[in-house]
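Colleague: Give me coordinates for this.
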Amino acid sequence: MTAVRTYFSDVFMGLWTALVGMSITLRYLFSKPVTEMYPDVKPRTPTRYRGIHVFEEEKCIGCYVCAKACPVDCIEIGVVRKGKEIKITKFDIDYQKCMFCDLCCEPCPAHCIHMGPEFEKASFTRKGTILQFATPKTLTEEEKKVEKVARK
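Modeller: Residues are numbered from 1 along each chain as shown. Below you'll find the model as predicted:
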């Protein structure tokens, strides 16, 4: 008697779960789709989204704090100082290594680097994943020596 009861109980539960699943399917079948047409319509990112970094070169004081705070060493900075004048010669971030952890942005005293809303930086090569944020400047031989010493 219990084997028959167990059999019918299992059949009933199988049919019941199929009905519940079909009711969910039918509910979504007649509702408005939520698909975003990505390349044509850009998705809205949340306000605290951690996308590609934004670097404000004119604010940077060349303190190397962001590079020291980075846990994976993906930031390279080149700074030449002549008196009180500061020239940022290199500010590269290697996105092959970057974890988008925001640890480089927090300690910056000048608040010149922060996470932005942009996320589209796909590349076919490894060199394409290294973004150069500083505008390239020509250096004199003396400034090149000073920068080399500062890196060490």
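Colleague: and the residue positioned nearest the centre of the chain, what are its phi and psi?
Modeller: Among the residues of the chain, the one closest to the centroid is G51, at 3.7 Å (C-alpha atoms, centre = their mean). The phi/psi pair for G51 (degrees, to the nearest 10) reads phi -100, psi -150.
Colleague: Same check on I113?
Modeller: phi -130, psi 130.
Colleague: Pull the number of nearby residues for it.
Modeller: 25 (other C-beta atoms under 10 Å). In this view, the C-beta of every residue, glycine as well, is placed from N, C-alpha and C.
Colleague: I figured it hits H53, correct?
Modeller: Yes. With contact defined as C-beta atoms under 8 Å, I113 reaches H53; the gap is 5.8 Å.
Colleague: Quick check: neighbours shared by those two?
Modeller: Common neighbours of I113 and H53, counting by C-beta atoms under 8 Å, 6 or more residues apart in numbering, are C104, C105.
Colleague: mind listing what the residue nearest to the centre of the chain touches?
Modeller: T45, F100, M115, G116, P117, E118, F119.
Colleague: closest to M13 among these?
Modeller: Ranked by distance to M13 (C-beta to C-beta), the contacts of G51 are led by T45 at 43.6 Å.
Colleague: what's the longest strand anywhere in the chain in contact with?
Modeller: If you go by DSSP state E, the chain has its longest strand at strand 85-94. Defining contact as C-beta under 8 Å, 6+ apart, one finds that strand 85-94 is touched by 53, 55, 57, 60-62, 74-81, 129-134, 136-137, 139, 143, 147.
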